[in-house]
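Novice: generate coordinates for the sequence data below:
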Amino acid sequence: MQVGVGYNQENNSTLAGRLAAEQAVKQSGEPAITFLFSTENYNQKLVFQAVKKVIGKSKLIGACTSGIITNAGVLEKGVGICTISGSEIQAVTCLQENIALSPWKSGEEAGKKLRMSGIDSGTVFVFPDGFAANLSELLRGIYNVLGPDFIYIGGGAGHNLKSFQTHQFTDQGIKSNALAIALVKGINFQIGIGHGWQPAGQPMVITKAEGKKVYEINGRPAFEVYSECLGGFDKINFPSYGMKHPFAIPCVGGNFLIRDPLKIEEDDSITFVTEVPQSTVVTLTEGTFDNLITAAGEVAKTAVNTVKLPKILFLFDCVSRYLLMGKEFKRELKAVMEVIGPDIPVMGMLTFGEVGTFSGIPYFHNKSIVVAAGW
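Specialist: Residues are numbered from 1 along each chain as shown. From the prediction side, this is the model:
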């Protein structure tokens with residue numbers, strides 16, 4: 001197994017894609033699987049076409065992002081490529097369109113297409129449109145077909161909070177409102193996932209909700225309860241409070257799924273980044289920068305605790321952590337890099353929701369960090 005990583009920040013979309021791919025392929029040789037991440041500053045179609053010309057028959061998967069994560073930091077503008085070669089590597093990809101129309105069915109259909117390859121174990125890389133509805137349902141559809149014999153990792157694609165059109169890539173093409181998914185066998189992965197948010201206050205029940213909108217908590221207007229729990233504040237101040245106090249949903253193994261509040265509506269309901277089902281028990285959370293940074297380091301330790309030295313590290317870190325921490329986000333990356341050392345190449349992206357497993361089951365996370373060490 002040989003790994004190549006290339007990054008480029010040229011203004012020209014075709015040139016940036018070609019140079020990043022050439023840099024990666026020079027290190028790996030002819031790849032079996034290629035990962036492509038590109039920021040919003042580019043014509044995604046031109047980047048995709050340029051990369052395809054360089055990687056030849058390689059399978060490809062990737063997505064657009066608001067930032068590419070490297071060993072040295074985050075590129076808010078750039079094209080990132082990771083190519084992996086090896087005679088034992090098998091890969092199959094699927095580009096499932098219109099996932100918002102029927103997330104569960106779309107997940108099942110994607111899972112069936114991967115199953116048809118005959119690959120019976122490995123790692124499933126999942127890159128959906130991060131703004132699509134019911135991504136948890138999409139994951140459940142995939143898992144319903146593929147089951148527990150696979151590792152699941154990835155994250156939601158997205159440009160920024162102002163532009164809601166995203167792009168997903170596979171060797172089959174480039175689409176929006178889609179799911180890019182790949183099944184890769186022949187590379188071992190160990191996964192770490194965490195967030196650093198701590199429950200604060202008493203458990204509450206979501207008594208009225210639909211999709212991403214929560215109308216009532218404990219039988220009262222959602223914003224009224226949320227504000228009261230934090231000492232009382234006006235709607236105009238919600239963005240500051242919402243970034244610092246997401247909700248936590250108890251999950252298997254004593255873990256918590258984080259759900260990120262996005263905005264307050266006129267009827268005092270709260271719209272979240274990801275669905276919060278009715279009748280769910282939730283707890284308000286809090287977390288200092290030190291908590292988040294420490295958690296990132298622990299996640300990295302879990303991932304690199306392998307029998308062999310990793311040859312590649314994939315890192316999917318929530319864009320809301322990046323926006324919240326600002327300059328302090330460098331400390332989070334430093335905590336990860338200090339664990340893995342300077343010699344392991346890193347490929348990653350800022351995600352709009354993260355895909356990772358608890359007890360072998362894939363979940364869609366918010367405000368979390370996923371690290372996958374491969375060898």
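Novice: you'd agree A132 is up against P103?
Specialist: Yes. Judged on Cβ atoms under 8 Å, A132 makes contact with P103 at a distance of 7.2 Å. Every residue, glycine included, has its C-beta placed from N, CA and C.
Novice: got any residues that touch both of these two?
Specialist: L138 (Cβ atoms under 8 Å, 6 or more residues apart in numbering).
Novice: so what's R331 closest to, chain neighbours aside?
Specialist: I293 (5.1 Å; Cβ to Cβ, 6 or more residues apart in numbering).
Novice: now G86
Specialist: Using Cβ to Cβ, 6+ apart and skipping residues adjacent in sequence, the residue nearest G86 is M1, 4.0 Å away.
Novice: neighbours of the one you found, just the number please.
Specialist: 17 (other Cβ atoms under 10 Å).
Novice: then the one 3 residues further on?
Specialist: With neighbours defined by other Cβ under 10 Å, the count for G4 comes to 22.
Novice: what's it sitting at in phi/psi?
Specialist: phi -130, psi 140 (degrees, to the nearest 10).
Novice: again with P345
Specialist: The phi/psi pair for P345 (degrees, to the nearest 10) is phi -70, psi 150.
Novice: next: the one 10 residues further on.
Specialist: Taking degrees, to the nearest 10, you get phi -110, psi 120 for the backbone angles of V355.
Novice: beta partners of it?
Specialist: Following DSSP bridges, V355 is listed with bridge partners G154, F364.
Novice: let me know the distance separating it from I312.
Specialist: 18 Å (Cβ to Cβ, to the nearest Å).
Novice: so between these two, which is more surrounded?
Specialist: Using other Cβ under 10 Å, the more surrounded residue of V355 and I312 is V355, with 27 against 22.
Novice: separation between the residue nearest to G86 and R115?
Specialist: 25 Å.
Novice: and K77, by the same measure?
Specialist: For K77 relative to R115 (Cβ to Cβ), the value is 38 Å.
Novice: repeat that for I270.
Specialist: Counting by Cβ to Cβ - I270 and R115 are separated by 38 Å.
Novice: neighbour-wise, which of the two wins?
Specialist: Counted by other Cβ under 10 Å, I270 and R115 do not tie: I270 has more neighbours, with 25 against 15.
Novice: local confidence estimate at the more buried one?
Specialist: I270 carries a pLDDT value of 97.
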